[in-house]
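Novice: below is the sequence, then the predicted model.
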Amino acid sequence: MEDKMLEQTLEQTLTRLRETVRQAMRVPHYRESFAGAGIESAEDIKSLADFQMIPVTQKEDLRQNYPMGLFAEPLENIVRIQASSGTTGKMTVVGYTANDIEMWSAAVADALRRGGVTPRDIVQVGYGYGLFTGGLGLHYGSEKLGALTIPLSGGNTERHIMFLRDLKSTVLACTPSYALHIASTAASMGLGPEDFHLRVGVFGAEPWTEAMRAEIQQRLGLENALDIYGLSEIMGPGVAMECAHKNGLHLAPPFYPEILDEKGIILPLGSQGELVLTSLGKEAFPSVRYRTKDLTTLSYGRCACGFCGWSMTRMAGRVDDMLIIRGVNVFPSQIEEAILSVEGLEPHYLIVVDRRGALDYLEVHVEVSAEAVDAISHLEELQETLQQRIYRILGLGVRVRLVEPMSLPRSEGKAVRVKDLRTKDK
Amino acid sequence: MLQVSVFLENAKGRLAQVLGDLAEMGVNIKALSLADTKDFGVLRLVVDDAERVEKLLKERLYVVKLTRVWCLQVEDRPGGLAEVLDKLVERGVIVEYMYGFVEKVGELAQIVLRVRDQALMEAAVKDFCIGVSA
């Protein structure tokens, strides 16, 4: 039954993929790269196999065509631009037509609805408003749904806490690390979950773990903390989101996913690899086989929430985030799991990588909670326990350093979890 | 008695900073000890109104905890402290750490003690009539 559905979906998708290719061919960069694969017109795409011959698009292609070289519509049809946060290099600019904004808002509204958000909810948006897609993306979607939407943006944590309490916000949308920061700051002001009215958390823009989910739910008194996924190069938040059943992130209908291995070979459903996305029906900035650098696993089918289509597991990490320490592959999420399993440590951490002689050296800086302070022996035990847990997970000896709370940088956008000093000139 | 414990990273000027903050808050330190390891230290303080000091330090984002400690009055002469400790050991009281007071009460010296088992200590203090400061 599901196979049959998948077959039908793929057939319909093929027609739409042709449209995307036709739209993209208005852009010199795509015309050239398609020609290299023997595709001179959209009609050359006769099967999915033909589509898979198209070269992937990379972040670098966006940079080389900075600022608007990949726009497929004349500027008079573009109503908005957004730009990537540039956490990993030069900024990239993307554009939207009025139809694109409409499609994006509808995708976010649908995702929120499946997450249990209703027009009766009060949605407090703590993503940054501006060039970052987080704030405006959530905002338009939430309004489209008909919810009362509070455009607080990031920063000014105390005002967030005041609004949570006084306006009785029921939904909080921000990065998971910022949600934790709000919770910690509230606690230091003597406020806890009983002072808030939160039900649903919509958290994204950085990978986070199940342990982190449990922690945030408990600290903010949420029924559901849900993962939302997106990137400006494709659209923004709402490309995919978990529903209240938490069976993976449901991919919004206007996107076609593929999973690739490191060599660029397409992997079957159920295998973990890099997510590659193609937009269907996007006008200003069509995405064609865009490598997201996010690692996940795909499935296809129907969910209890009524969704039918592709779903992906929560991001295991980013291709970029993977650290290779003494030959061992390390993802920050593995270290986060270990930290959250030790009582007395706060989920705020920084991984510092350096080289001593020829050896890679990994230090984990983690904030202690007030409860743990007094006996030195207890603090040393915390240090030791975490070192052992990390050793058990990674098979790698690391040094744990306990640091003061709030001493690690807090982010309103994407949390910086890794400081790699190996690449720096000494 | 409640003691204020403050977690401090081993960073240049950190101890001076917390002491400066305490001065600004108008806190008079009656006794203190500093325990340290390679990376961090714990500053333990006896002050008036420990709860208020805890709150003020937390507002300045220090990691602070209140811990129950004992403040014993012992005779200020060679062996004064040893005699009291012998008695406590006899009763099975385990001392986790201790440090001295600056101030005396009359002729008696004062010692801050953190013990593992509060009940054991309570009984011992009562039975041996050891002086305790409030």
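Specialist: Arrived safely, thanks for sending.
Novice: near chain A, which residues of chain B?
Specialist: Chain B comes close to chain A at residues B:5-9, B:35-37, B:39-40, B:42, B:44, B:58-59, B:61-65, B:67, B:96-97, B:114, as judged by CB under 8 Å from any CB of the partner chain. All C-beta atoms are positioned from the backbone trio N, CA, C, and that covers glycine.
Novice: filter those residues to the buried ones?
Specialist: Buried members of the residues of chain B next to chain A, scored by 16 or more other CB atoms under 10 Å in any protein chain shown, are B:5-9, B:35, B:39-40, B:42, B:44, B:58, B:62-65, B:67, B:97, B:114.
Novice: which of these fall within helices?
Specialist: Taking DSSP state H as the definition of helices, these contribute B:Lys58.
Novice: does any bit of the helix or strand where A:Pro347 lies sit next to chain B?
Specialist: Taking DSSP states H and E as the criterion, A:Pro347 maps to strand A:345-356. No: applying CB under 8 Å from any CB, one finds strand A:345-356 separated from chain B by no less than 9.3 Å.
Novice: pairing partners for the helix or strand following that strand, with directions?
Specialist: Moving toward the C-terminus from strand A:345-356, the next helix or strand (DSSP H and E) is strand A:359-368. Strand A:359-368 sits in its sheet next to strand A:345-356 (antiparallel), strand A:399-403 (parallel), going by DSSP bridges.
Novice: tell me which residues of strand A:359-368 are tucked away?
Specialist: Neighbour-count burial for strand A:359-368 flags A:Asp360, A:Tyr361, A:Leu362, A:Val364, A:His365, A:Val366, A:Glu367, A:Val368 (criterion: 16+ other CB under 10 Å).
Novice: contacts only, for the second one.
Specialist: So that's A:Tyr361. Contact analysis of A:Tyr361 by CB atoms under 8 Å, 6 or more residues apart in numbering or on different chains lists A:Val353, A:Asp354, A:Arg355, A:Arg399.
Novice: am I right that the first one is in contact with A:Leu362?
Specialist: Yes: applying CB atoms under 8 Å, one finds A:Val353 in contact with A:Leu362, separated by 5.5 Å.
Novice: overlap in contacts, the two.
Specialist: Listed as contacting both A:Val353 and A:Leu362 by CB under 8 Å, 6+ apart are A:Leu323, A:Ile325.
Novice: skipping its backbone neighbours, what lies nearest residue 116 in space?
Specialist: No chain in the question, so chain A it is. Distance criterion CB to CB, 6 or more residues apart in numbering or on different chains; nearest residue to A:Gly116, sequence neighbours excluded, is A:Ala244 at 4.4 Å.
Novice: please refer instead to chain B.
Specialist: The nearest residue in space to B:Arg116 (CB to CB, 6+ apart) is B:Ile94, at 4.2 Å.
Novice: cool, and A:Met91?
Specialist: A:Ala83 (5.0 Å).
Novice: gap between the one you found and A:Gly128?
Specialist: Computed as CB to CB, to the nearest Å, the A:Ala83 to A:Gly128 distance reads 12 Å.
Novice: having no further points to raise, I will conclude here.
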